[in-house]
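**Student:** Sharing a model that was predicted from the sequence below.
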Amino acid sequence: MPFIYKLPMEGDCRMRKNRRKSVLAMALIALLLLVTMTACTGKGKEEKTGTVDPGPNKSGTEEIKPVTLTFLSAWNGGGAGFPQDQKNNPVAQKIREKTGVTLNLESITTSEVEKLNTIFASGTVPDIVNAPFWSTTGGEGQVIKKAATEGQLLDLTPYLDKYPNIKRLVTTGIAKDFAEFDLNSPDFKGKTYLIPTETPDGTPESIHNWNYGLFARGDILKALNVKAEDIDTQDKLYDLLVKIRDGGFKDIGGKPVIPAGTMWNGWDYGQFLAGWSDYSISDFRKEDGKLIHWTQSKDYEAKLLYMRKLLKEGLFDLEAFNNTSTTANEKLTTGKLAVFGAQPMLADLQKTLYKTNPEMQYELLGPMKNKNGEIRTQVEKPGRSGFPVLFLSANIKDPDAALRYIDYVNSEEGRLLAYFGIEGTHYTMQNGVPQWIPDVKKQFDENPDLKRDAGLNFLPGRFIGAFSNEVTWPTPEDQKTKWQKLEESFSAKMPIKIIDKVSASYLEREWPKYQEFISKTSSLNFDDEFKKAFFAASDQEALNILHSIQEKFRAAGVEEMAEFVAQKAAERDDVGF
C-alpha cells in the first residue's frame, strides 16, 4: 500500500491572479507576433489548435502536441479508483491542457506477479506502469528488476534534470539502505528505471499509517456483549470466533456469516497470526539466542496449527486464499465477514454496508499483541522501504509526454489539482490552504463515487510521491468526515513504530554465496507452501509440508547465510533486525 510539508508558495490565489494579468498582456503581444510569423510560414489554424500550456516547469516556447498514452495499474483491484469517464473528467481535461497527455487506464483483478510476467514475456509493456516494488530479491520487485536489466524499461537518467519533480521523487522519503540496494540496485549500473510513489517527504511525521488490523462487526460484538479492545490475544480471538460461529448471525441478505476472512488472495491473513509477530525490519530474527532467517522460525509451527484449527472448526473462510477482488468486496460489503484482517477498507464500506446497515460498522479489535506483549503495529524506518513505483516501457514512442505528465502532477499546481480538482469549481484557497466548496464537499461525502468520477481518486495513490496532503493541507476538525475521524482513531490506537537502523537483510548481499543462494531459492515460494499446509489431510502432513520447505532453504545455505549476517552485524552498531 499513508506527511509534514511546507505549504505551496505558489498556492496563493491572489498572487496567481496578479501574475495572470501581466502574463495576459505579454500574451497579447506574443499573439500578434505569432500571427505575423504564421502568415510568413504558411502554417494554418488547424496545426496550431494542438498546442497546450506546457505547465509551470517548462519555458512555454515549445509546442506540445496531444498524445494518448497507455497506463497499467498492476494492482489487484487497482481500477476501483478510476473515473467512469477516463478522458473527459474535469481533472483529466485540465491535465491535458497543461501537458497534452491523455491516459488510457487499465487495471487488473489477478496476481500482480502474473501480470508483470505476462507483459514482459509478451513484450506488450504499456507506456506507463505502476506496480508493487517491495524488494528486488523476490515477488514483483524481482520481476521488475529482471525486466530493467534486460532492457525492457526506459532508462530515466538522461531525463531527470529536465523534470525536477521526478528527480525529487527518486531521492526523497526513501530508506537509505533500500535506495542503495533495491531502488538503485547495483545491477542497474547507475541507471534510474523506477519512480517511487506513495512515499513520505523524508521525515518520520510524514509516514502514512495504513492501520492494518482485525476488524469485527459492531452489531455482533454488541450482541455477544464483547468489547472490541478486550480481544487482543490469539486465545481471545479464537474464543470470539467460536461464539460468532455458534451465534447464528446473518449478513444483510439473511445468510449465515463467515466468522473470519480476508480480502483478495488471502490478504491479509497474517493479521490473524499477530501473536507470533514482532517488530522487525529485516529477514532475520533472534530466536533462542541465535540469529536465524525468518523461514527457519519455530513460530511457523504454532502459526500453522492455529490457522488449521480455525479452518477445521469452520471459523475461517475456506475460499479466502482464492478470493478475487470482486468476490472479496462482495463478502465485505454485505457484512458476510464477521471479522476481517486487512486495512479498515473505509473507501468500500462507507458507500455500501455503512449506508444500508450502519449498525454493522466494523470495530478495531485489540489492537492485537505480538510475542513481546506489545501491540502489533506498523514498523518503519525514517524513509520508506518498499513502495509502488512507476516505470516506462523502453519502447514508448514519446517518453517526454509521459514524464511531462508525471512531473506536472507532482508539481505544486498538479498536486492541488490531483487532490482538490478545479479551483472555483471544487475548492477555494483560504490563507494558502485549499478548502472544499461546501456544496461540493457535501456531495462528495454523501456519494464518494462523484469524487472518483471527477478524477480525484486515482492520481494520489498511483502517481504522486514525496508528499502528504494530510500534513500539507490538514483538514480542520469541523470539516472532517466521520470516516476521517474513524481512520484517525485507528491510527491513535496503533501508532507507527520507527526503527532508525540499517536492515540486516542488506548484509546478506555481502555473503560470497549470496547469488548462489538466490539462484537455488528463486523457485521456492515459502508462503505458497505454508498456505498449502493449511489444507493438508492431517496436522502431521501439514507439518511435513512446512518442514520440507524449511529444509529446502537450509539445503540452499540459509543457516550459513544467517551466521555470516550475525558476524557482520556484530561489527556494526547501526544494524537492526
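**Tutor:** Perfect, I can see it now.
**Student:** Now the closest residue to Glu150 other than its chain neighbours: which helix or strand?
**Tutor:** Distances taken as CB to CB, 6 or more residues apart in numbering place Phe120 nearest to Glu150, at 8.0 Å, with adjacent residues excluded. Every C-beta, even on glycine, is put in place using the N, C-alpha and C of the backbone. Element membership of Phe120, judged by DSSP states H and E, is helix 112-122.
**Student:** how much space between Glu535 and Leu240?
**Tutor:** Not quite, residue 535 is Phe, not Glu. Distance, Phe535 to Leu240, by CB to CB, to the nearest Å: 23 Å.
**Student:** out of these two, which sits in the more crowded spot?
**Tutor:** Between Phe535 and Leu240, counting by other CB atoms under 10 Å, Leu240 is the more crowded of the two (25 against 14).
**Student:** got the contact list for that one?
**Tutor:** If you count contacts by CB atoms under 8 Å, 6 or more residues apart in numbering, Leu240 has them with Ala216, Leu224, Val226, Ile231, Val339, Leu365.
**Student:** hang on, the earlier thing: who does the helix holding Phe120 touch, helix- and strand-wise?
**Tutor:** Using 3 or more CB pairs under 8 Å, 6 or more residues apart in numbering; DSSP states H and E as the contact test, the elements touching helix 112-122 are strand 67-76, strand 128-133, helix 139-149.
**Student:** any idea which of the ones you listed is most buried?
**Tutor:** When the helices and strands packed on helix 112-122 are scored by mean count of other CB atoms under 10 Å, the highest mean neighbour count falls to strand 128-133 (a mean of 24).
**Student:** Identify the residues contacting the nearest residue to Glu516 once chain neighbours are set aside.
**Tutor:** Ranked by CB to CB, 6+ apart and with sequence neighbours excluded, the top spatial neighbour of Glu516 is Gly557, at 7.3 Å. The neighbourhood of Gly557, defined by CB under 8 Å, 6+ apart, consists of Lys513, Glu516, Phe517, Lys520.
**Student:** show me the contacts for Ala504.
**Tutor:** Going by CB under 8 Å, 6+ apart, Ala504 touches Ile281, Ser282, Asp283, Phe284, Leu291, Val565, Ala569, Val575, Gly576, Phe577.
**Student:** meant to ask about Asn104
**Tutor:** Counting by CB under 8 Å, 6+ apart, Asn104 touches Thr68, Leu69, Thr70, Phe71, Gln86.
**Student:** same question, Thr68
**Tutor:** Val101, Thr102, Leu103, Asn104.
**Student:** my read: the first one touches Ile95, true?
**Tutor:** What that stands for is Val101. Yes. In terms of CB atoms under 8 Å, Val101 counts as a neighbour of Ile95; the distance is 6.6 Å.
**Student:** joint contacts of those two?
**Tutor:** Counting by CB under 8 Å, 6+ apart, the contacts common to Val101 and Ile95 are Tyr405.
**Student:** From the chain's centroid, how far away is stretch 190-202?
**Tutor:** Here stretch 190-202 is found 13 Å from its chain centre; the criterion is CA atoms, centre = their mean, to the nearest Å.
**Student:** pLDDT (mean, whole number) over it?
**Tutor:** Taken as a whole, stretch 190-202 has an average pLDDT of 93.
**Student:** so how far does it reach from one end to the other?
**Tutor:** End-to-end distance for stretch 190-202, by CA to CA, to the nearest Å: 22 Å.
**Student:** For that stretch, buried residues please.
**Tutor:** By 16 or more other CB atoms under 10 Å, the buried positions in stretch 190-202 come out as Lys191, Thr192, Tyr193, Leu194, Ile195, Pro196, Thr197, Glu198, Thr199, Pro200, Asp201, Gly202.
**Student:** Kindly report the same for stretch 385-397.
**Tutor:** The neighbour-count check on stretch 385-397 (16+ other CB under 10 Å) flags Ser385, Gly386, Phe387, Pro388, Val389, Leu390, Phe391, Leu392, Ser393, Ala394, Ile396 as buried.
**Student:** now, among the contacts of Gly557, which is nearest to Asp439?
**Tutor:** Taking CB to CB as the measure, Phe517 is the one of these closest to Asp439, at 60.5 Å.
**Student:** what helix or strand is the closest one on?
**Tutor:** Per DSSP H and E: Phe517 is located in helix 514-521.
**Student:** got the contact list for that helix?
**Tutor:** Helix 514-521 is contacted by residues Thr137, Glu508, Trp511, Lys552, Phe553, Ala555, Ala556, Gly557, Val558, Met561 when judged by CB under 8 Å, 6+ apart.
**Student:** With adjacent residues omitted, what lies nearest to the fifth one?
**Tutor:** Excluding the flanking residues, the one nearest Phe553 by CB to CB, 6+ apart is Thr295, at 4.7 Å.
**Student:** So the one you found, which state does it fall into?
**Tutor:** helix (DSSP: H, G, I helix; E, B strand; the rest coil).
**Student:** thinking it is in contact with Phe526, fair?
**Tutor:** Yes. Counting by CB under 8 Å, Thr295 touches Phe526, with 5.5 Å between them.
**Student:** who touches both of those two?
**Tutor:** Common contacts of Thr295 and Phe526 (CB under 8 Å, 6+ apart): Ile549, Phe553.
**Student:** Could you check which of these two is surrounded by more residues?
**Tutor:** Shown here are Thr295 and Phe526; by other CB under 10 Å, Thr295 has more neighbours (21 against 17).
**Student:** Contacts only, for that one.
**Tutor:** Phe526, Ile549, Gln550, Phe553, Val558.
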